[in-house]
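Undergrad: predicted model, plus sequence, below.
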Amino acid sequence: MENQFSSSTVDRKQCSWAQHLRRCLTLSNSTAVSDLLAVITVASLPWSTTITSIFSALLVLSVCPRMRLAELVDLVRCSRSGFAVGLFALALLGTLWATEVSLAARLRGVNPTLKFFMMPFLLYHFHKSSRTVWILWAFLGSCVALLALSWATVFVPNLTPTASLQPGVPVKNYIDQSQSFALCAVVLAWPILELFKARKLHLALPLLALSIAFLANLSFVVLARTALVYTPVMLLFFGAFYLPRSLFYGAIGFFILVAGFAWLASSNLQNRTNSILLESSKYGASNERTSTGLRLEYWRKSLEFIREAPLLGHGTGSVQMLFDRAARGQTGLAAETISNPHNQTLSAAVQWGLIGCVILYAMWICHVSLFRGPGFYPWLGFIVVVQNIVSSLFNSHLFDFVPGWIYVIGVSLAAGRTLQQGAPR
């Protein structure tokens, strides 16, 4: 009798442990857990490279057990995300003909494209999730916290954690910060307009103030010069798509007036715009090392590299090697070397030639065409793609960490929700 009692107790414990294990596995594979991992990923994006990398990987792993292959293939087809995966596949294949480059350099060249391989998994999750608004609020809240700290470091410079960071840039760098702030400011324009139409001023006015605060930070605190190009373009698209024609033309005039006032009032804007013209005029006339001069020199050399291998390029991870080779025995600007030519098209063409450019532009065109419908999520996806295309004229932003992840997560979320809401396929 005692043995039977002991045996039944053990069976119950084993059953209990099995139930707990099944419950834990079910929970770890649930959409809610994936949503939480997505929230942590996007909230950490303006702050930490490490946290974003870890939690984005965990997010993909949490999605895998729930996926159905047929649904995934259908979503990739409908969202036109196959070219993003193709970019990753091309980077892998490109390691085969990068014969002059070390294996470590080839793997470093593949690494920036890995996020595009993760895009279908994120798309699948966002298409199934009902909590994508969590992700949006997480990113906005994280950027608001960064905005507050940015303004604080202007008045108390000692708050910057390291001496290498300038006041107004508490973490990372001003390029990533400008990218995030400009995106928040412009994306908020859609809900602000809709709330004004619905006469919900108690919600519209705080969002309007927040959008203005982001733009004011760009104007008076710190500004990436690329933002001088993509921010007006993004605002122009919003006006063209959502404002009545009479109001649109008036908005253009008002924007020019405000921009002129901001330029006169902000030494930051004046210095950033004047430096572009001054540094451009010096290029070719002197060997002075300037930001614009370096970028023009990188572009000139990149075009030479492309002429050497126009169809397939020099292979994945070859950019640094090519610049090092071209800098031997040179002086001044010609002696500068880099692993990033500061232009997305040139970066793809140097490594993968015409084929790389075709895949890159096919991806951009397909994603732009996907977000043609009305509503917030098509607007979000469209403006994320537009910002990336314009900023990639002056940087390799798809391969940079923060702008690249903004593109992958933003497009995946917007595409998933657009298809979930029944947009035409």
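TA: Thanks, I have the structure now.

Undergrad: hey, where'd the strands end up in the stretch 251-400 of the chain?
TA: Read by DSSP state E, counting those that start in this stretch, the stretch 251-400 of the chain holds no strands at all.

Undergrad: contacts for stretch 372-382?
TA: Where contact means CB atoms under 8 Å, 6 or more residues apart in numbering, the residues beyond stretch 372-382 that reach it are 187, 190-191, 194, 237-238, 241-242, 367-368, 370-371, 410-411, 413-415, 417-418, 421, 423-424. C-betas here are computed from N, CA, C, even on glycine.

Undergrad: again, only this time at 10 Å
TA: The contact list for stretch 372-382, computed with CB atoms under 10 Å, 6 or more residues apart in numbering, reads 79, 126, 132-133, 136, 183, 186-187, 189-191, 194, 234, 237-238, 241-242, 367-371, 410-421, 423-424.

Undergrad: where does this protein have low pLDDT?
TA: Counting by pLDDT under 70, the ranges of the chain that qualify are 1-29, 157, 159-165, 259, 262-290, 422-425.

Undergrad: could you rerun that using 80?
TA: Where the chain drops to pLDDT under 80, the residues are 1-30, 156-168, 222-225, 245-294, 329-336, 421-425.

Undergrad: which residue is the nearest non-sequential neighbour of L322?
TA: F305 (5.0 Å; CB to CB, 6 or more residues apart in numbering).

Undergrad: neighbours of the one you found, just the number please.
TA: As a burial measure, F305 scores 22 neighbours (other CB atoms under 10 Å).

Undergrad: report the contact partners of it.
TA: F305 sits next to 313-314, 318-319, 322-323, 325-326, 341, 346, 349-351 when contact means CB under 10 Å, 6+ apart.

Undergrad: show me which of these are buried.
TA: With neighbours counted by 16 or more other CB atoms under 10 Å, those contain buried members at 313-314, 318-319, 322-323, 326, 341, 346, 349-351.

Undergrad: list just the nearest of the residues you listed to A148.
TA: Proximity of these to A148, judged by CB to CB, is greatest for P341, which lies at 35.3 Å.

Undergrad: give me the phi and psi angles of that closest one.
TA: Reported as degrees, to the nearest 10, the phi and psi values for P341 are phi -80, psi 0.

Undergrad: for the stretch 151-300 of the chain, which segments are assigned as helices?
TA: In the stretch 151-300 of the chain, helices defined by DSSP state H, counting those that start in this stretch lie at 174-187, 189-197, 201-220, 227-242, 245-265, 267-282, 291-308, listed in chain order.

Undergrad: distance to S53 for those - can I get that in JSON lines?
TA: Below are these laid out as JSON lines (distance: least, CB to CB, whole Å):
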{"stretch": "helix 174-187", "distance to S53": "15"}
{"stretch": "helix 189-197", "distance to S53": "30"}
{"stretch": "helix 201-220", "distance to S53": "26"}
{"stretch": "helix 227-242", "distance to S53": "25"}
{"stretch": "helix 245-265", "distance to S53": "36"}
{"stretch": "helix 267-282", "distance to S53": "31"}
{"stretch": "helix 291-308", "distance to S53": "27"}
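
Undergrad: is M321 in contact with R328, as I believe?
TA: No: distance between M321 and R328: 11.5 Å, which falls outside the contact criterion (CB atoms under 10 Å).

Undergrad: which of those two has more neighbours?
TA: In this view M321 and R328 are compared by other CB under 10 Å, and M321 has more residues nearby, 18 against 8.

Undergrad: ok, that one - contacts?
TA: Shown here is M321, whose contacts under the criterion CB under 10 Å, 6+ apart are 98, 100-102, 105, 314-315, 337, 339.

Undergrad: what sits against G86?
TA: The neighbours of G86, taking CB under 10 Å, 6+ apart as the test, are 116, 355-356, 358-360, 362-363.

Undergrad: excluding chain neighbours, what is closest to V233?
TA: Here the nearest residue to V233 in space, its sequence neighbours aside, is V390; by CB to CB, 6+ apart that works out to 5.3 Å.

Undergrad: distance of that neighbour relative to N340?
TA: 18 Å (CB to CB, to the nearest Å).

Undergrad: and for P403?
TA: Distance of P403 to N340, computed by CB to CB: 12 Å.

Undergrad: any residues in contact with both of these two?
TA: Joint contacts of P403 and N340 (CB under 10 Å, 6+ apart) are 395-396.

Undergrad: who has more neighbours out of these two?
TA: Set P403 next to N340 and count neighbours by other CB under 10 Å: P403 wins out with 25 against 17.
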